[in-house]
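Q: With the sequence up front, the predicted model follows.
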Amino acid sequence: MAGPVPGVELRNPEHAVARVELWHYAGPLAAPFRPSWIPGFPQYENRCTLIRVITQGGVEGWSAGPAITRERQGLGYLIAPYLIGEDAVDIDGIQQRLREAGYLGWRNWWIEPAFWDIAGKIAGKPVCELLGGAPREVGVYASTGEVRTPEAALETAEARLADGYPAIKIRVHEDEERDLAQVTKVAQGMAGRIKVGVDANQAWRVSAIADAPLWDLDRAKRFADACADLGVGWIEEPLPMDDWDAQAALCAYSRVPISGGELHSAGYAELAMMVDRRCYDKFQPDAMFTGGIQQTMRLIDKVRAAGLSYTPHTWTNGVGFAVNLQIMAASGFADRELLEFPIDLPGWTPEGRDSMLTEPFLARDGKVAVPTAPGLGIDIDRGMLRRHGKRYFTMDRKRLIWFALRDRGIKASREIDAAKKARA
């Protein structure tokens with residue numbers, strides 16, 4: 001989707017970006033969580049970088065990018081000068097500013113949804129309505145995050161079935177024999193009572209702490225054959241994210257749908273090429289990584305035209321879940337695909353995942369309601385933000401002037417300001 005946001009006036013001085021704030025946030029988890037995608041890494045907090053954008057008229061928008069530590073400490077000085085004074089509801093313009101800020105390799109598409117949050121609040125509509133949809137209940141599947149023993153994985157699947165989930169995704173990330181033992185135990189034990197998907201976490205292999213398996217096409221084919229015989233519903237990211245030839249070959253071979261595409265930060269251009277090559281049967285772009293809301297909606301149109309399917313990755317935090325939930329409600333795929341709902345007890349609970357929000361997203365009978373409030377429909381819990389967060393950057397027009405004077409000097413600052421005014 002490109003062009004003006006429906007029902008929102010462009011070039012209104014009240015919509016100009018007046019202030020940008022950044023926060024470190026580390027929300028505590030109920031118990032240690034050991035993500036399959038980073039072997040050997042116990043996680044005690046859900047960390048993110050929060051951005052707050054405020055317009056000249058006082059409308060604020062929020063978004064959040066997952067973080068390992070304080071790796072974005074200097075981000076504000078890069079992005080805020082690009083954003084101060086811009087029209088907050090000109091999504092085309094914001095996309096271009098973020099593209100420019102990312103030319104050195106630091107892509108921050110997670111920032112873009114904050115501007116959709118603002119646009120929705122100005123229009124008085126939830127983001128899904130701006131995208132052509134409407135608030136609704138969206139079916140979800142329980143997405144686990146830890147590798148378990150076969151017995152523990154089956155027990156978890158039984159528990160999620162009892163909670164009302166129609167499907168569950170388990171994780172495999174060990175040697176071939178143990179991976180197949182877990183899948184076999186769960187698939188045979190559930191006997192079709194719940195749909196089972198499997199995530200191999202091969203797209204972006206991380207072995208910085210402990211070693212991680214590395215699949216090739218032959219192993220992926222053997223796994224796909226075994227999953228087909230067991231009645232598995234889908235296999236997620238069984239090959240490296242940039243091995244497009246192997247992905248296409250596996251999709252053409254497999255009797256089980258292959259899914260992926262969550263972290264392709266080049267955005268629409270790369271994923272569109274992957275659609276053309278039929279690298280996946282189901283595309284799972286997470287808007288927080290893969291180009292923001294605008295590029296994701298454009299990709300959904302291409303996926304639909306190709307006769308493929310869409311259901312996004314959502315394993316980040318409550319803000320990221322809210323963004324992808326709004327997109328799913330407007331995608332046209334919510335009646336035939338389930339949305340990922342990250343939950344892995346006891347460590348990864350909805351309350352811990354969404355602790356920066358006043359209201360966590362909860363699944364009831366396998367469904368999550370899309371908020372009807374304007375924008376993303378979320379409220380940031382200011383008390384939790386004070387207890388577990390720290391604002392580390394603030395910039396407004398006055399601070400930008402002083403920053404430019406210190407960084408560039410008077411002459412260069414005047415030239416830059418004149419050039420920006422002429423562009424505007």
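A: On my side now, so go ahead. Numbering: from 1, shown residues only.
Q: use CA for all of it now, contacts and neighbours both
A: Noted.
Q: my guess is residue 288 contacts residue 107, does it?
A: No: counting by CA atoms under 8 Å, residue 288 stays clear of residue 107, with 10.2 Å between them.
Q: Tell me which of these two has more neighbours.
A: residue 288 (30 against 19; other CA atoms under 10 Å).
Q: helices and strands around whichever strand in the chain runs longest, which ones?
A: Taking DSSP state E as the criterion, the chain has its longest strand at strand 17-33. Counting contacts by 3 or more CA pairs under 8 Å, 6 or more residues apart in numbering; DSSP states H and E, strand 17-33 packs against strand 43-55, helix 75-83, helix 350-353, helix 382-388, strand 389-396.
Q: if you set the cut-off to 10 Å instead, what comes out?
A: Contacts defined by 3 or more CA pairs under 10 Å, 6 or more residues apart in numbering; DSSP states H and E place strand 17-33 against strand 43-55, strand 60-66, helix 75-83, helix 350-353, helix 382-388, strand 389-396, helix 397-408.
Q: just so I know, which of the ones you listed lies nearest residue 300?
A: strand 60-66 (21.5 Å; CA to CA).
Q: Next, show the common contact partners of residue 288 and residue 107.
A: Counting by CA atoms under 10 Å, 6 or more residues apart in numbering, the contacts common to residue 288 and residue 107 are residue 265.
Q: sorry, back to before: and the longest strand of the chain, which strands flank it?
A: Sheet pairing of strand 17-33 (DSSP bridges) gives strand 43-55 (antiparallel), strand 389-396 (antiparallel).
Q: So which of those is nearest residue 344?
A: Comparing these by CA to CA, strand 43-55 comes nearest, at 12.5 Å.
Q: Distance from the chain centre to that closest one, please.
A: 13 Å (CA atoms, centre = their mean, to the nearest Å).
Q: quick check: angle from that strand to helix 75-83?
A: 30 degrees (axes from the mean of the first three to the mean of the last three CA atoms, to 10 degrees).
Q: Okay, buried residues for strand 43-55 please.
A: Of all the residues in strand 43-55, those buried under the rule 16 or more other CA atoms under 10 Å are 43-55.
Q: Out of the residues you listed, which is nearest to residue 81?
A: residue 53 (12.7 Å).
Q: hang on, the closest one packs against residue 114?
A: Yes: counting by CA atoms under 10 Å, residue 114 is a contact partner of residue 53 at 6.9 Å.
Q: Now for the two: what residues contact both?
A: Both residue 53 and residue 114 are contacted by 60-63, 88, under the criterion CA under 10 Å, 6+ apart.
Q: In those residues, find the pair that's most separated.
A: When CA to CA is used, the two most widely separated members of the shared contacts of residue 53 and residue 114 are 63 and 88, lying 13.7 Å apart.
Q: Looking at these two, which one has more neighbours?
A: Shown here are residue 63 and residue 88; by other CA under 10 Å, residue 88 has more neighbours (33 against 27).
Q: OK, contacts around that one?
A: Residue 88 neighbours (CA under 10 Å, 6+ apart): 10-18, 53-56, 59-61, 94, 112, 114-119.
Q: if you set the cut-off to 7 Å instead, what comes out?
A: Contact analysis of residue 88 by CA atoms under 7 Å, 6 or more residues apart in numbering lists 15-17, 115.
Q: domain parsing for this structure?
A: Using automatic domain parsing, the domain ranges for the chain come out as 13-125+379-423, 129-369.
Q: Need those domains in CSV (columns: mean pLDDT and distance to residue 5).
A: Output for these, formatted as CSV (pLDDT from 0 to 100; distance: least, CA to CA, whole Å):
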stretch, mean pLDDT, distance to residue 5
domain 13-125+379-423, 94, 7
domain 129-369, 98, 7
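Q: tell me the most buried of the ones you listed?
A: With neighbours taken as mean count of other CA atoms under 10 Å, these reach their highest mean count in domain 129-369, at a mean of 20.
Q: Tell me the gap between it and the middle of its chain.
A: 12 Å.
Q: and residue 406, how far is that from residue 412?
A: As for residue 406, its distance to residue 412 is 11 Å (criterion: CA to CA, to the nearest Å).
Q: right, I mislabeled it, should have said residue 76
A: 20 Å.
Q: before we move on, what about residue 356?
A: Distance, residue 356 to residue 412, using CA to CA: 40 Å.
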